[in-house]
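Asks: coordinates for the following, if possible.
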Amino acid sequence: MAPAISWGPRRISPRGEFFVNGAGTFLQNFQFAVAALSRAWLLFFYGRSNFQGNNMTPTRLPGTFVCFSHLRWSFVYQRPQHLLSRAAQGYRVIFVEEPIYQAEGEPRLQISSDESGVTVVTPHLPHGQDCGELLDELFAPLANERVILWYYTPLALAYAPPFKAELIVYDCMDELSAFKFAPPELKDAEAALLKAAHVVFTGGQSLYEAKRGKHPNVHAFPSSVDARHFAKARQRGLPEPREYADIPHPRLGFFGLIDERFDIELLEQMADLRPDWSFVMIGPVVKIDPQALPKRANIHWLGGRDYKDLPEHLAHWDVGIMPFALNESTRYISPTKTPEFLAAGLPVVSAAITDVVRPYGELGLVEIARSPEEFVRRCEGLLTRPPKEWLADVDDYLSGLSWDRTWNGMLGVMREAMPRRRSKVRSTARAVASKGAGHVGV
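Replies: Residues are numbered from 1 along each chain as shown. The predicted structure follows:
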């Protein structure tokens, strides 16, 4: 196997494969996923009940979809998992994760089947080795098959798979170049991906507005929701998790990644302003020092929880809060937790994130706050507000949102793009690799 060329913590082999060296953090290494697709309907603008599609007859796209992603399948259940698990209902889906590095042992691929039907492949490598040959062997049977490439990270263009793609899709869920520890070459890599892609999806409206002038076929598919799953939180008598025995009401909660996008100073100030409130934080801490988290008697850091268990936590909260920092890393985010909080029947106060203000704030579904004092005032109002009328408006809005509709809308766009398909991934990969693209995880 060819020796890797070191570029800081990232490594690029002479063959063009890349990964991030280092263990134990969320921002590491590259991973691959494979996805596949089924029906039509195009989700429009804010994701309400305004959809369009040419016809409801399923059109078969290529049967195998390979997705390159910066996120681990089993880490936090979010956009890639929602979409690719739906892909697996009708097509073959292989998800190749970022490598796990070990002090000794032969390089190998650990292959398992997720309950969703997605095949998860995890490379295990000695330090200093790349997984290019293993992946080439894995993908070799696809050489004569129809394949769609699906990208979450532009830096994956540094790897050229041994097959021809019939369609190249870039699902841009975040502005990765604005995230902490993002390599400077990421912008050039994205420009190359935008040139190679036939279809570009964005994870939010503001991100769509930022990308629509850079590609002729860009479509906004904002964060959606599995409303049935989160509506379990509305059930009366749902058992309270044991850790809440010593956490008094009112409980104000957040769930999700706790990273540079989370405003820990804002949380600290709210906790000081209302020492009689309990602030419950659920989620893994990444890219920031856990020791920097505020330590207050009324702030409870519970760590990560499984996606399937979130409703039983939200059922015992009084208000959902989204204390995001207002900085470059949050400029284009479209938090999935916004409709998830609402589906759980939980009133929400959020920082002034563009894709939350518009549409949720403008429609009166979410309260917007721009200071610790305003956060507290908004929460005080929600704690005393009768929920009935607000909840009816929430349910009316959510009736037009679902991950199924989002996925079917994407299928419709891809189906329309198929007659214009062309494959440029190998030439693009060589161009990106020659510039030394690395990888970023978020």
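Asks: now do the strands in the stretch 1-150 of the chain.
Replies: Assigned by DSSP state E, counting those that start in this stretch, the stretch 1-150 of the chain shows strands spanning 5-7, 10-12, 18-20, 31-33, 42-43, 51-52, 64-69, 92-96, 100-102, 108-113, 119-126, 147-151.
Asks: quick one: average pLDDT of the fourth one?
Replies: Read it as strand 31-33. The average pLDDT for strand 31-33 rounds to 31.
Asks: now the last one
Replies: This predicted structure assigns strand 147-151 an average pLDDT of 90.
Asks: what's the angle from it to strand 64-69?
Replies: Angle, strand 147-151 to strand 64-69, by axes from the mean of the first three to the mean of the last three C-alpha atoms, to 10 degrees: 20 degrees.
Asks: list the neighbouring strands of strand 147-151 plus their orientation.
Replies: Sheet pairing here is set by DSSP bridges, and for strand 147-151 it gives strand 64-69 (parallel), strand 165-172 (parallel).
Asks: how about the ones you listed in a markdown table, adding distance to Leu363, mean neighbour count and mean pLDDT?
Replies: Yep, even glycine has a C-beta here, placed from its N, CA and C like the rest. Shown next, in a markdown table, are the strands paired with strand 147-151 (distance: least, C-beta to C-beta, whole Å; neighbours: other C-beta atoms under 10 Å; pLDDT from 0 to 100):
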| stretch | distance to Leu363 | mean neighbour count | mean pLDDT |
| --- | --- | --- | --- |
| strand 64-69 | 32 | 26 | 88 |
| strand 165-172 | 25 | 23 | 94 |
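Asks: out of those strands, which comes closest to Ala196?
Replies: Across the strands paired with strand 147-151, Ala196 has its closest neighbour in strand 165-172 (5.4 Å, C-beta to C-beta).
Asks: run the chain-centre distance for whichever helix or strand comes after the closest one.
Replies: Once strand 165-172 ends, the next helix or strand along the chain (criterion: DSSP states H and E) is helix 186-196. How far helix 186-196 lies from its chain's middle: 19 Å, per C-alpha atoms, centre = their mean, to the nearest Å.
Asks: buried stuff in helix 186-196?
Replies: 186, 188-190, 192-194, 196 (16 or more other C-beta atoms under 10 Å).
Asks: that one to strand 64-69, inter-axis angle?
Replies: Using the same axes, to 10 degrees: helix 186-196 against strand 64-69 is 160 degrees.
Asks: restrict helix 186-196 to CA atoms and write it as PDB.
Replies: What follows is helix 186-196 as a C-alpha-only set of coordinates in PDB (Å, rounded to 0.1, in the frame of the first residue of the first chain):
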ATOM      1  CA  LEU A 186     -12.300  23.200   1.700                       C
ATOM      2  CA  LYS A 187     -13.600  26.200  -0.400                       C
ATOM      3  CA  ASP A 188     -11.600  25.100  -3.400                       C
ATOM      4  CA  ALA A 189     -12.800  21.500  -3.000                       C
ATOM      5  CA  GLU A 190     -16.400  22.700  -2.900                       C
ATOM      6  CA  ALA A 191     -16.000  24.800  -6.000                       C
ATOM      7  CA  ALA A 192     -14.700  21.600  -7.700                       C
ATOM      8  CA  LEU A 193     -17.700  19.600  -6.400                       C
ATOM      9  CA  LEU A 194     -20.100  22.300  -7.600                       C
ATOM     10  CA  LYS A 195     -18.500  21.900 -11.000                       C
ATOM     11  CA  ALA A 196     -18.800  18.100 -11.000                       C
END
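Asks: noted, bye for now.
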